[in-house]
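In: predicted model, plus sequence, below.
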Amino acid sequence: MSIIFIFVDGVGLGERNEKNPFFTTATPFFSSLLGGNKMTVEAAGKDYKEASLLALDARLALDGLPQSATGQTALFTGFNAAKLLGCHLNGFPNRALRGVLADHGIFLQLRRNSLQGTFANAYRPDFFDELKGGLKGYYSCSTLITYYGGLTFRSLDDLRRGEAVYMDITNVVLRRLGFDLPRITPQEAGERLVKIAGRFHLTLFEHFLTDIAGHNRDSSFAAETVTTLDAFLEAVVRDLPAGDLLLLTSDHGNLEDLTTKGHTANPVPALVVGKGRDRLVELLDKQGSITAVTPALLKQLTVDS
Ligand SMILES: [Zn+2]
């Protein structure tokens with residue numbers, strides 16, 4: 001079996017109100033998966049025909065608002081990174097978190113179990129140039145787990161060949177930066193992701209415009225981001241082979257509440273799609289925190305492979 005893990009940065013489960021773009025934007029696909037509901041906290045904790053939606057606690061048992069470096073380390077390793085530091089850490093992982101990512105990153109853990117993982121995101125040429133000079137302090141958790149897992153980074157050449165997806169899904173940001181790549185539809189990006197995933201046990205894709213849109217508090221940018229995500233997911237689920245699973249989750253809330261430009265303490269969604277999802281759902285639900293994600297994915301894959 002194969003699992004597609006879509007990490008959306010800064011997406012919590014908010015309420016059904018006019019400040020939640022997941023409620024105010026038309027999301028035909030989320031709604032069709034969730035029995036006519038939008039992806040809000042009221043829709044969580046339930047099994048639907050094709051999907052289950054859980055609410056995972058992202059607060060890591062510490063006061064203060066959850067942040068990216070600690071949240072993503074927790075998500076990609078299973079370790080409570082905030083407890084380790086004694087605080088939530090924003091931005092990029094520090095030395096202590098890099099140590100956790102180096103020893104316990106999900107790709108390395110897959111490798112130890114003779115399973116193949118891949119990071120589907122494409123990197124720009126400057127990244128490859130910089131990497132020759134060693135790891136940088138501004139590398140994200142996903143970059144670090146890919147590196148420490150000994151995996152190959154996908155490039156813009158891979159993207160051109162349809163063998164990668166850019167973090168913005170459609171190449172819109174890349175084009176704005178001046179790169180000569182065609183804009184693709186969210187549907188096409190979703191189809192690509194499934195095609196890539198067919199050759200691996202676990203395929204990670206990271207989308208972080210969601211967090212940027214939340215920080216910007218720009219309702220039209222927020223709506224556009226949610227619309228793109230909805231269409232992208234639709235294509236992924238439509239092409240998902242029988243027996244495979246999709247998990248969408250996040251590191252902390254943000255976009256679901258445009259009343260604040262910071263993160264939120266809201267639970268994050270764990271949306272699980274696929275016929276054989278019961279055990280993965282149970283494993284995630286039992287612990288109910290973002291630290292459950294990596295152990296649950298590994299358990300699902302090691303038992304099934
Ligand atoms: Zn953020």
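Out: Here it is on my side, so go on.
In: could you use CA atoms for every contact and neighbour count after this?
Out: Fine.
In: what residues of stretch 166-173 count as buried?
Out: Within stretch 166-173, the residues scored as buried using 16 or more other CA atoms under 10 Å are Y166, M167, D168, I169, T170, N171, V172.
In: and of these, the nearest to A51?
Out: Proximity of the buried residues of stretch 166-173 to A51 (CA to CA) peaks at I169, which lies at 22.4 Å.
In: who's in contact with the closest one?
Out: Shown in contact with I169 (CA atoms under 8 Å, 6 or more residues apart in numbering): I184, T185, P186, A189, H207, T228, F232.
In: want to throw these into CSV with pLDDT, secondary structure and distance to T143?
Out: Written out in CSV, the entries for the contacts of I169 read as follows (pLDDT from 0 to 100; DSSP: H, G, I helix; E, B strand; the rest coil; distance: CA to CA, whole Å):
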residue, pLDDT, secondary structure, distance to T143
I184, 98, coil, 24
T185, 98, coil, 25
P186, 98, helix, 23
A189, 98, helix, 20
H207, 98, strand, 13
T228, 98, helix, 24
F232, 98, helix, 22
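In: any chance of the buried residues of stretch 166-173 in JSON lines, with distance to L97 too?
Out: What follows is the buried residues of stretch 166-173, written out as JSON lines (distance: CA to CA, whole Å):
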{"residue": "Y166", "distance to L97": "25"}
{"residue": "M167", "distance to L97": "23"}
{"residue": "D168", "distance to L97": "26"}
{"residue": "I169", "distance to L97": "28"}
{"residue": "T170", "distance to L97": "31"}
{"residue": "N171", "distance to L97": "30"}
{"residue": "V172", "distance to L97": "31"}
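In: that older thread, only the buried subset of the contacts of I169, as a PyMOL command please.
Out: With 16+ other CA under 10 Å as the burial test, the buried ones among the contacts of I169 are selected in PyMOL as follows:
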select buried, resi 185+186+189+207+228+232
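In: count of neighbours near V272?
Out: 25 (other CA atoms under 10 Å).
In: which SSE is immediately downstream of the host helix or strand of it?
Out: V272 belongs to strand 268-273 when elements are defined using DSSP states H and E. Downstream of strand 268-273, the next assigned helix or strand under DSSP H and E is helix 278-287.
In: what about that following helix, average pLDDT?
Out: Averaged over helix 278-287, pLDDT sits at 96.
In: stretch 114-121 too?
Out: Per-residue scores along stretch 114-121 average to 98.
In: ends of that stretch, what's the gap?
Out: For stretch 114-121, the separation between the terminal residues is 22 Å (CA to CA, to the nearest Å).
In: what lies in contact with that stretch?
Out: With CA under 8 Å, 6+ apart, stretch 114-121 has contacts from 107, 110-111, 142, 146, 151-154, 163-167, 193, 196, 200-206.
In: swap the cut-off to 6 Å and go again
Out: F107, A164, V165, Y166, F200, H201, L202, T203, L204, F205 (CA atoms under 6 Å, 6 or more residues apart in numbering).
In: nearest to F23 among the residues you listed?
Out: F205 (23.9 Å).
In: now for the strand or helix carrying that closest one, which elements pack on it?
Out: F205 belongs to strand 202-207 when assigned by DSSP H and E. Applying 3 or more CA pairs under 6 Å, 6 or more residues apart in numbering; DSSP states H and E, we find strand 202-207 packed against strand 3-8, strand 117-119.
In: nearest to T73, out of the ones you listed?
Out: Going by CA to CA, the one of the helices and strands packed on strand 202-207 nearest T73 is strand 3-8, 12.3 Å.
In: that closest one to strand 268-273, inter-axis angle?
Out: Interaxial angle, strand 3-8 versus strand 268-273 (axes from the mean of the first three to the mean of the last three CA atoms, to 10 degrees): 150 degrees.
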